[in-house]
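> model this:
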Amino acid sequence: MQFHVITLFPEMFDSPFRAGIVGRALEQGIIRLYLHPLRPFGLGNYRQVDDAPYGGGSGMVMRPEPIAAAIDSVTADIPRLWKILMTPQGEVFDQAMARRLAQKTDGLLLVAGRYEGIDERVRSLVDQEISIGDYVLSGGELPAMVVIEAVARLVPGVLGNAESLAEESFSGGMLEYPQYTRPEEFRGMRVPEVLQSGDHRKVREWRAAQALKRTRERRPDLLKKHGFSRG
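Model (predicted):
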């Protein structure tokens, strides 16, 4: 699967994807990441990409022409890329959305904005707007990385163990059950006996009950969202 990013700061993507699961998937060619610097599409001798906002106000707004030109350049060869604008006004990203995006087999094109915002007319050039949460960041690069990481994990072959993916938090609409490893006792806290019983049915039942309990206590909103009973 291909991931394309239009950004003013392509160097930000170097380190995060050099290691770990996504790094290995890139090395193996299971996924591909293409970074498209926005500055060369800027206007005039200084490659301007922003300007003062109409109506006044602080900060600068990204102009539509450079972004449009960058999108046109990338999609000229791959017209079916799913185009995403990373913006606080977008739909909040979650695991269900990650699964839907993983089905876009032609690839994703993510536009990372900067400054005080992006000219409103850019919204007409994309297929979807995504936010990763209700807080302020300096730009769309980090949100784009979050989307790439979450979606890449769902691409066949990226994770060595498909069962591991199925059991992760949010995969079934709930938080993941508690996990334990050696030692059997640590500072007076013991591993639950059921996990050492060897009874796989009881282990599955315990894990399901614990996942529901943890979700009810920590994220009751997920139960409502996915239609689980609170009883």
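> going forward, measure contacts between C-alpha atoms and count neighbours the same way
Noted.
> which parts of the biggest strand by length in the chain are buried?
What stands out as the longest strand in the chain, according to DSSP state E, is strand 82-92. Using 16 or more other Cα atoms under 10 Å as the test for burial, strand 82-92 gives 82-88.
> Reformat these into a markdown table and put pLDDT next to each item.
Output for the buried residues of strand 82-92, formatted as a markdown table (pLDDT from 0 to 100):
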| residue | pLDDT |
| --- | --- |
| W82 | 98 |
| K83 | 98 |
| I84 | 98 |
| L85 | 98 |
| M86 | 97 |
| T87 | 95 |
| P88 | 92 |
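> picking up where we left off before, what strands flank the longest strand of the chain, and is each parallel or antiparallel?
Using DSSP bridges, strand 82-92 pairs in its sheet with strand 108-112 (parallel), strand 128-131 (parallel).
> State the pLDDT value of the closest residue to Q48 other than its chain neighbours.
Of all residues not flanking Q48 in the chain, G42 sits nearest, at 4.7 Å (Cα to Cα, 6 or more residues apart in numbering). Predicted confidence (pLDDT) for G42: 98.
> Figure out how far stretch 50-63 is from the centre of its chain.
Centroid displacement of stretch 50-63 relative to its chain, using Cα atoms, centre = their mean, to the nearest Å, is 28 Å.
> thinking again about what came up before, and the residue nearest to Q48, backbone torsions?
Phi and psi for G42, reported as degrees, to the nearest 10, are phi -70, psi 170.
> re the thing from before, so which of the strands paired with strand 82-92 gets nearest F186?
Each of the strands paired with strand 82-92 has some distance to F186 by Cα to Cα; the shortest is strand 128-131, at 40.0 Å.
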